[in-house]
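Colleague: curious how this folds, go ahead:
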Amino acid sequence: MKYLLFITAVIISLFTACLNPPEYPEEPIILFDSISKTFVKGLPSSDSITFVISFTDGDGDLGASSSDTVPNLFFKDSRTGFINAFQFPNVTPEGNVKDISGTISYVFTPFSCNPGKLIDTFYYTIFIDDRAGHRSNEVTSPVVICDCN
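Modeller: Residues are numbered from 1 along each chain as shown. I've put the predicted structure just below:
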């Protein structure tokens, strides 16, 4: 009898867990997950780095719509403050529940160096915007060392 009650409780717990979707804020929240390497060759034979960030968004309005040309993924260079702006595709879920979470992987290349440097170091401050104009928090990549030879 105790075994039957235990199994019933587990089934009910699993069922109710499926009925309660996660609730995230409307503003995207990102976390820095990984970087493929922290040492790269600069121009002219530039390497590439894959950055992976995870995200959550309560209204699921991330990514560009089919006609949208507005950037939504940003990498701010620590050396100059220049913001490299890119676009990732629409990731809005279908259905009534719009809360979404996932990861974005972005391959970044090329890398240039400050004039006169043989070795340059920098990091990126990364953030995203959703289609409603909500800006995420900012995350910082590890320091990247660039061989300028």
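
Colleague: could you check how far the residue most central in space within the chain is from Ile126?
Modeller: For the chain, the residue lying nearest the average C-alpha position, counting by Cα atoms, centre = their mean, turns out to be Ile53 (3.2 Å). As judged by Cβ to Cβ, to the nearest Å, Ile53 and Ile126 stand 6 Å apart. C-beta here means a position set from N, CA and C on the backbone, and glycine is covered the same way.

Colleague: overlap in contacts of these two?
Modeller: Among the neighbours of Ile53, those also in contact with Ile126 (Cβ atoms under 8 Å, 6 or more residues apart in numbering) are Ile30, Phe32, Val139.

Colleague: verify the contact between Leu43 and Pro110 for me.
Modeller: Yes - with contact defined as Cβ atoms under 8 Å, Leu43 and Pro110 form a contacting pair (5.4 Å).

Colleague: quickly note the distance from Thr69 to Thr103.
Modeller: Using Cβ to Cβ, one obtains 24 Å as the distance from Thr69 to Thr103.

Colleague: repeat for Phe51
Modeller: The gap separating Phe51 from Thr103 is 10 Å, by Cβ to Cβ.

Colleague: more neighbours, the two?
Modeller: Neighbour count, other Cβ atoms under 10 Å: between Phe51 and Thr103, Phe51 has more, with 20 against 12.

Colleague: now Thr69, nearest residue through space, not along the chain?
Modeller: Of all residues not flanking Thr69 in the chain, Gln87 sits nearest, at 7.5 Å (Cβ to Cβ, 6 or more residues apart in numbering).

Colleague: what residues are up against that neighbour?
Modeller: With contacts defined as Cβ under 8 Å, 6+ apart, Gln87 is in contact with Ala64, Asp68, Thr69, Val70, Pro71, Asn72, Leu73.
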